[in-house]
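S.K.: Here's a sequence, model it:
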Amino acid sequence: MILCCNPHAQYLSHKDEIDRAIASVLESGWYVFGQEVAAFEHEFAQFLGVRHAVGVGSGTDAIRLALLACDIGPGDEVITVSHTAVATVTAIKLAGASPVLVDIEGDYFTIDPNRLESAIRPQTKAIVLVHLYGQAADVTAVKEIADRHNLRIIEDCAQCHGATYQGKQRGYQEQSLGSFGDVGCFSFYPTKNLSAFGDGGAVVTNDPKLAKQIRKLREYGWSETRESTLVGMNSRLDEIQAAVLRVKLRYLDADNEARGRIAARYDAALAETPLRAPQVRPESTHIYHQYVVQTDRRDELLAHLKSHRVAALVHYPRPVHLQSAYQGRLRGCDDLPQTENVVRRILSLPIYPELTQEDQRHVVGTINNFAAARDDRRRAA
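M.R.: Residues are numbered from 1 along each chain as shown. As a prediction, the model looks like this:
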């Protein structure tokens with residue numbers, strides 16, 4: 001079976017270094033908040049070009065802690081999208097705030113700035129800006145609206161490790177996603193472009209006060225004397241995961257470039273098929289966490305691929321506002337036509353740095369056979 005993503009293949013590609021890094025932690029006898037976490041935080045901040053990175057327990061915790069550090073909670077509203085991993089909305093709820101949903105741009109699957117301003121009310125305090133599948137949302141437009149209404153921006157970068165954006169209209173130099181908002185939030189779940197061997201996350205910021213607050217909140221709100229001066233939580237990135245992440249961070253740019261080459265081969269090979277390839281936002285790099293095509297016959301193609309050993313997936317088959325825990329319970333649920341349209345059409349094809357050209361040719365050949373069979377049926381009719 002050709003997997004959609006393959007964390008084991010990435011382990012094997014860096015096996016010796018990862019094994020040594022893990023063994024070093026085990027031998028050290030120090031397993032929580034030691035040298036590996038401190039070193040990874042420093043190296044990840046440097047990689048992104050930000051002043052502070054704070055390791056936490058998961059990407060969900062990263063968003064929750066970011067909101068809490070910005071003093072956002074009960075009585076406040078936070079705008080985001082429904083076409084995202086449910087963790088985005090879950091984190092807002094866990095912070096005590098109320099999620100408000102806005103529709104997406106059909107080309108890029110990210111928040112539609114033209115729908116954003118009408119959702120803002122006096123109780124709106126922040127936007128959780130989701131960068132999806134490996135590329136940026138419209139940072140320039142969203143920042144202009146946020147600045148005009150004095151709203152915080154929390155960037156959800158769970159799928160965009162190493163992706164960049166350049167907004168010439170605002171005079172930006174090219175910057176890493178996560179560095180534009182008040183806070184950037186990352187997940188290191190095993191399938192991410194930068195991945196651990198379990199849960200893990202990070203919060204990044206250029207604001208030293210927010211960084212200090214997040215460091216306290218991630219560990220019970222403790223002061224240096226271990227007195228809880230804030231109501232915090234337990235959300236710690238452990239030493240083993242940090243050691244693994246330090247190894248993989250050294251290869252992240254090269255791995256993202258490999259994903260780009262795979263995406264380019266898909267683009268060329270599928271150009272004559274009915275599938276719509278991913279659209280790349282101008283002034284944005286795409287690091288292809290997922291290679292997401294669109295087709296009116298998604299479910300038929302998905303079944304065909306699986307019957308030919310290709311484990312394509314749908315990210316995400318049901319938007320948050322149509323999931324039973326949230327259906328009819330969030331503001332904005334009744335006005336998301338683009339969201340509801342794309343979830344019927346999207347399909348993620350296999351992509352990861354170690355995907356061989358032979359396996360990719362099998363994926364493409366299977367798609368071409370599916371398209372040819374459809375053409376044959378039309379001619380017969």
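S.K.: what are the ranges of the strands in the stretch 101-250 of the chain?
M.R.: Assigned by DSSP state E, counting those that start in this stretch, the stretch 101-250 of the chain shows strands spanning 124-130, 152-156, 164-165, 175-176, 183-187, 201-205.
S.K.: Out of these, which is closest to residue 299?
M.R.: Proximity to residue 299, assessed across these by Cβ to Cβ, is greatest for strand 124-130 (25.1 Å). All C-beta atoms are positioned from the backbone trio N, CA, C, and that covers glycine.
S.K.: Chain neighbours aside, what residue packs nearest to residue 53?
M.R.: residue 45 (4.0 Å; Cβ to Cβ, 6 or more residues apart in numbering).
S.K.: Name the secondary structure element that contains the one you found.
M.R.: helix 35-48 (DSSP states H and E).
S.K.: who's in contact with that helix?
M.R.: In this structure, residues lying in contact with helix 35-48 by Cβ atoms under 8 Å, 6 or more residues apart in numbering are 21, 25, 28, 51-55, 162, 176, 178-179, 184, 202, 204, 237-240, 242-243, 245-246, 249, 252.
S.K.: what about the closest residue to residue 228 other than its chain neighbours, distance to residue 65?
M.R.: In this structure, residue 228 finds its nearest non-sequential neighbour in residue 221, 4.4 Å apart by Cβ to Cβ, 6+ apart. For residue 221, the distance to residue 65 equals 11 Å [Cβ to Cβ, to the nearest Å].
S.K.: Show me which of these two is the more surrounded one.
M.R.: Each of residue 221 and residue 65 has its neighbours counted (other Cβ atoms under 10 Å); residue 65 has more, 30 against 16.
S.K.: So that one sits against residue 205, correct?
M.R.: No: applying Cβ atoms under 8 Å as the test, residue 65 and residue 205 come out as separate, 10.9 Å apart.
S.K.: what sits in contact with each of these two?
M.R.: residue 214.
S.K.: Could you report the neighbour count for residue 211?
M.R.: Using other Cβ under 10 Å, residue 211 has 22 neighbouring residues.
S.K.: Spatially nearest residue to it, not counting backbone neighbours?
M.R.: Residue nearest to residue 211 in three dimensions, not counting chain neighbours: residue 52, with 3.6 Å by Cβ to Cβ, 6+ apart.
S.K.: For the one you found, give the beta-bridge partners.
M.R.: residue 205 (DSSP bridges).
S.K.: so what's it up against?
M.R.: Contact analysis of residue 52 by Cβ under 8 Å, 6+ apart lists 41, 45, 204, 205, 206, 207, 208, 210, 211.
S.K.: ok, residues contacting whatever helix or strand residue 365 lives in?
M.R.: Assessed by DSSP H and E, residue 365 sits inside helix 357-380. Helix 357-380 is contacted by residues 2, 262, 265-266, 269-270, 273-275, 297, 300-301, 304-305, 308-310, 349-350 when judged by Cβ under 8 Å, 6+ apart.
S.K.: Among those, name the ones in strands.
M.R.: The strands, defined by DSSP state E, take in residue 349 from the contacts of helix 357-380.
S.K.: Which among the contacts of helix 357-380 count as buried?
M.R.: 2, 262, 266, 269-270, 273-275, 297, 301, 304-305, 308, 310, 349-350 (16 or more other Cβ atoms under 10 Å).
S.K.: Now the two most distant members of those residues.
M.R.: Spanning the widest gap among the buried ones among the contacts of helix 357-380 are 262 and 297, at 23.4 Å by Cβ to Cβ.
S.K.: With residue 311 as the reference, measure out to the nearest residue to residue 315 once chain neighbours are set aside.
M.R.: Leaving aside its sequence neighbours, residue 315 sits nearest to residue 348 (Cβ to Cβ, 6+ apart; 5.1 Å). Computed with Cβ to Cβ, the distance linking residue 348 and residue 311 is 10 Å.
S.K.: Mutual contacts of those two, please.
M.R.: residue 4.
S.K.: who's more crowded, these two?
M.R.: More neighbours surround residue 348 than the other of residue 348 and residue 311, with 21 against 15 (other Cβ under 10 Å).
S.K.: In contact with the more buried one, which residues?
M.R.: By Cβ under 8 Å, 6+ apart, the residues touching residue 348 are 4, 290, 291, 292, 312, 313, 314, 315.
S.K.: same thing but at 6 Å, please
M.R.: The neighbourhood of residue 348, defined by Cβ atoms under 6 Å, 6 or more residues apart in numbering, consists of 4, 290, 292, 313, 315.
S.K.: Quick one: neighbours of residue 331, just the number.
M.R.: Taking other Cβ under 10 Å as the criterion, the count of residues near residue 331 is 15.
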